[in-house]
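*Asks:* Let's see this in three dimensions:
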Amino acid sequence: MASHPVNNSLSLDRSRGTLLTILTLALAFNYVDRQVFALVLQNIESDLHLSDSQLGFLSGLAFAVFYAVMGVPIARLADSGNRVTIIAVTTAIWSVFVMLCGCAGSFTQLFLLRVGVAIGEAGCIPPAQSLLSDSFPKAQRAKAFSIYTLGSPLSVILGGFVAGWINQYYGWRITFALLGFPGIPLAVLAWLLLKDSRTQSANEVVHVRSAKPSSEAHSLWYVARSLAGNATFRQLLIAHTILYFFIYGVVLQWQPTFFVRTHGFTTGELGTWQVLIWSLLGTVGTYAGGAFVHRYIADDERKQLRLISCNIAIFGALNVLVYLCTNRYASLGLVALAAPFYSSVFGPLFAVNQSVVPESMRATAVAILFFFANLIGMGLGGFATGLLSDQLRPMFGTDSLRYTLLLLSPGFFWCALHFWLASRSVAADMERLEPRWRVQHGQS
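*Replies:* Model prediction:
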């Protein structure tokens, strides 16, 4: 009889490990598409005869509108339905559409296929974060989310190194086909191996608090009003939106094109460097950020947000230097120096996002954050960068993109300010939430 707690603990750890592994891989392939699209923008432009504005629209607004809009109803379903089913089905959807992107023969066709990708990818992050929050206690969430966020540097290996060389030798069409396919077996694995804690029996449950679904079923209007009254959530919403505008508009969507256009890298060379920088230093930063918070400030969300603010500000300063630097390798070196500061923030940030809202609203809260972040941030960021680059081209020629990115990089300081402001209200908002959370789940 004494062995049962140990066996249950081992089973719990294995279940959490399987959950974390599959969700991390799903996040990696979710991000791969965007890595690949950014890397092959120059090739698509030449093949389909598109302008920077059209490329910015395809990689930004066209994708982000449908990604953001579909994220909310999917998240609402995830707050009451089977999150594993949602993740498996949407993973299969986006994988098929990524493969089909390689068949596009015009701007319109590629636009429609990017819409399909966006709808599928909208079902990844909100239900996954909700599942992880239900499976790990609050003190372990920053570390768990940091491991989950390793899907981002892993996507660089697939979307940078692998895709870079495939594109160089076989073209962007074959690249999309080959990198979209692995999502299909991954969706099957998620369907077969993962269990949503809401559907499991008491003997199988991996939920750290309760196997029962929440008794609270709120309307979207109620959730929106509740979140609007949360000062920390408001600041996080603004900070996320600004961060996505500049990280997608400046770094992820256009930085690879900057290195190809300004410094003369091939996609194979650039993909190799991206792997060395983002998969190595990005992984170190991602894990270190979560491990540091887990060890030293796990119960202090105020300090976590101030750490995030400082790291974003340092990342912004280094980005300014990237575009000022005229030596190709020195510029890449500055990207390498900046990478750990950026990647370190997301594990703690995802954990704080989940901790400042009630359990019954978590997936919807994530979807609302990403609705504005993706619609305004990702959607307008890439498009605005392309549009500004086109406007500066008569003055600066092929260097127009360099000066566009240089003008936009200080926006990271604005983002850092709002993370700092969030740290000033988080203690009060947590205090209002925690007593109700403890009573609801029978914790002291």
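*Asks:* In whatever helix or strand Ile87 lives in, which of the residues would be classed as buried?
*Replies:* Element membership of Ile87, judged by DSSP states H and E, is helix 83-101. For helix 83-101, a neighbour-count test (16 or more other C-beta atoms under 10 Å) marks 83-88, 90-101 as buried. C-beta coordinates here come from the backbone N, C-alpha and C atoms, glycine included.
*Asks:* pLDDT on the top helix by length along the chain, on average?
*Replies:* For the chain, the longest helix by residue count, based on DSSP state H, is helix 4-39. The pLDDT scores in helix 4-39 average 76.
*Asks:* For the next helix or strand after that helix, which helices and strands make contact with it?
*Replies:* Elements were assigned by DSSP H and E; along the chain past helix 4-39, the next helix or strand is helix 41-48. Packing partners of helix 41-48 (3 or more C-beta pairs under 8 Å, 6 or more residues apart in numbering; DSSP states H and E): helix 52-56, helix 107-121, helix 172-180, helix 255-263.
*Asks:* Centre of the chain to the helix-or-strand element of the chain with minimal mean pLDDT, how far?
*Replies:* In the chain, the helix or strand scored least confidently by mean pLDDT, DSSP states H and E is helix 4-39, which has a mean of 76. The chain centroid and the centroid of helix 4-39 are separated by 14 Å, computed with C-alpha atoms, centre = their mean, to the nearest Å.
*Asks:* now stretch 136-156
*Replies:* Distance, centroid of stretch 136-156 to centroid of chain: 11 Å (C-alpha atoms, centre = their mean).
*Asks:* try stretch 173-188
*Replies:* 19 Å.
*Asks:* From start to finish, how long is it in a straight line?
*Replies:* 25 Å (C-alpha to C-alpha, to the nearest Å).
*Asks:* For stretch 414-422, give me every contacting residue.
*Replies:* Residues outside stretch 414-422 that contact it (C-beta atoms under 8 Å, 6 or more residues apart in numbering): 232, 235-236, 238-239, 242-243, 246, 305-306, 308-310, 312-313, 316.
*Asks:* make it 6 Å
*Replies:* Thr232, Gln235, Leu236, Ile238, Ala239, Ile242, Leu243, Leu305, Ile308, Ser309, Ile312, Ala313 (C-beta atoms under 6 Å, 6 or more residues apart in numbering).
*Asks:* next one: stretch 140-152
*Replies:* 20, 23-24, 27-28, 31, 132, 136, 286-287, 289-290, 293-294, 346-348, 350-351.
*Asks:* And Phe259, how far from Ser152?
*Replies:* 19 Å (C-beta to C-beta, to the nearest Å).
*Asks:* Leu324 too?
*Replies:* In terms of C-beta to C-beta, Leu324 sits 26 Å off from Ser152.
*Asks:* Compare neighbour counts for those two and give me the winner.
*Replies:* Using other C-beta atoms under 10 Å, the more surrounded residue of Leu324 and Ser152 is Ser152, with 22 against 12.
*Asks:* residues near the residue nearest to Phe57 when sequence neighbours are not counted, how many?
*Replies:* Leaving aside its chain neighbours, Phe57 sits nearest to Phe383 (5.2 Å; criterion: C-beta to C-beta, 6 or more residues apart in numbering). Counted by other C-beta under 10 Å, the residues lying close to Phe383 total 24.
*Asks:* about what we covered before: may I see the buried residues of the longest helix of the chain?
*Replies:* Buried-residue list, helix 4-39, by 16+ other C-beta under 10 Å: 15-16, 19-20, 22-39.
*Asks:* just checking, what packs against that helix?
*Replies:* helix 125-135, helix 138-149, helix 151-156, helix 163-170, helix 183-193 (3 or more C-beta pairs under 6 Å, 6 or more residues apart in numbering; DSSP states H and E).
*Asks:* contacting residues for Gln71?
*Replies:* To be clear, residue 71 is Gly; Gln isn't right here. Ala122, Ala367, Phe370, Phe371.
*Asks:* any idea how far it lies from Leu112?
*Replies:* 19 Å.
*Asks:* and what of Gln274?
*Replies:* Gln274 is 29 Å from Leu112, by C-beta to C-beta.
*Asks:* got the contact list for Asn230?
*Replies:* With C-beta under 6 Å, 6+ apart, Asn230 has these contacts: Asp429.
*Asks:* go on, Gly249?
*Replies:* Contacts of Gly249 (C-beta under 6 Å, 6+ apart): Gly381, Gly382, Thr385.
*Asks:* for the second one, what are its contacts?
*Replies:* Applying C-beta under 6 Å, 6+ apart, one finds that Gly382 lies in contact with Gly56, Ser59, Gly60, Tyr248, Gly249, Gln253.
*Asks:* If you drop the residues flanking it in sequence, what lies closest to it?
*Replies:* Nearest to Gly382 is Gly60, by C-beta to C-beta, 6+ apart, at 2.8 Å.
*Asks:* That neighbour: neighbouring residues, count only.
*Replies:* Look at Gly60: counted by other C-beta under 10 Å, it has 27 neighbours.
*Asks:* try Thr286
*Replies:* Neighbours around Thr286, by other C-beta under 10 Å: 29.
*Asks:* Same check on Cys325?
*Replies:* 16.
*Asks:* Show me which residues of stretch 35-54 are buried.
*Replies:* 35-44, 48, 50, 52-54.
*Asks:* got a list of contacts for it?
*Replies:* Contacts with stretch 35-54, where a contact means C-beta under 6 Å, 6+ apart, come from 55, 59, 107, 155, 159-160, 163-164, 167, 172, 179, 252-253, 256-257, 260, 267, 386-387, 389-390.
*Asks:* measure that stretch end to end?
*Replies:* End to end - C-alpha to C-alpha - stretch 35-54 spans 18 Å.
*Asks:* Next, the angle helix 172-180 makes with the helix holding Ile87.
*Replies:* Here the directions of helix 83-101 and helix 172-180 differ by 160 degrees (axes from the mean of the first three to the mean of the last three C-alpha atoms, to 10 degrees).
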